[in-house]
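Undergrad: Quick one, fold the following:
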Amino acid sequence: MTYGLLAAGFLAIAVVTLLGALTRAVDRRELIRRWRAPAAIAAFVLIALTVVFDNLMIAAGLMRYASPEVSGPAIGLMPALDLAYPVAAVILLPALWLLFRRKGDG
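TA: From the prediction side, this is the model:
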């Protein structure tokens, strides 16, 4: 399995979960309006931290990538595919919160 397939799988699970959660929500338009800015800020921060710390960990030799499984562009030493995981987290965590919220919670 390649890193690209693994990253695509994580993103697909996150997106499907969010779509399912929003489909069940009566107040989905309000939720999307309220979540847009905080989600964008969280995504920016997580992506920035991922770029910095992935590059540091790779430079320190804490992790290595098998070159045939990694394709696509790199950001410094890290494959750009590594950014799929923080993006999936920004999508998945609000979806799970929405799925498990109690009635009347905003």
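
Undergrad: quick one: buried residues of the strand or helix carrying residue 20?
TA: Using DSSP states H and E, residue 20 falls within helix 3-24. For helix 3-24, burial by neighbour count (16 or more other Cβ atoms under 10 Å) applies to 3, 7, 10-11, 14, 17-18, 21-22. Backbone N, C-alpha and C define where each C-beta goes, glycine included.

Undergrad: where does this protein have low pLDDT?
TA: Where the chain drops to pLDDT under 70, the residues are 1, 66, 68-69, 103-106.

Undergrad: Contacts for the helix holding residue 20, please.
TA: With contact meaning Cβ atoms under 8 Å, 6 or more residues apart in numbering, helix 3-24 is reached by 28, 31-32, 65, 69-72, 79, 81-82, 84-85, 87-89, 91-92, 94-96, 98-99.

Undergrad: Just confirm residue 98 contacts residue 32, I think it does.
TA: No - Residue 98 lies out of contact with residue 32 (Cβ atoms under 8 Å); the separation is 10.7 Å.

Undergrad: So what's the residue count around the nearest residue to residue 46 once chain neighbours are set aside?
TA: Take residue 46 and drop its neighbours on the chain: the residue closest to it by Cβ to Cβ, 6 or more residues apart in numbering is residue 86, 3.7 Å away. Using other Cβ atoms under 10 Å, residue 86 has 20 neighbouring residues.

Undergrad: what's near enough to touch residue 86?
TA: 43, 46-47, 49-50.

Undergrad: Which among those residues count as buried?
TA: Listed as buried from those are 43, 46-47, 50; burial here means 16+ other Cβ under 10 Å.
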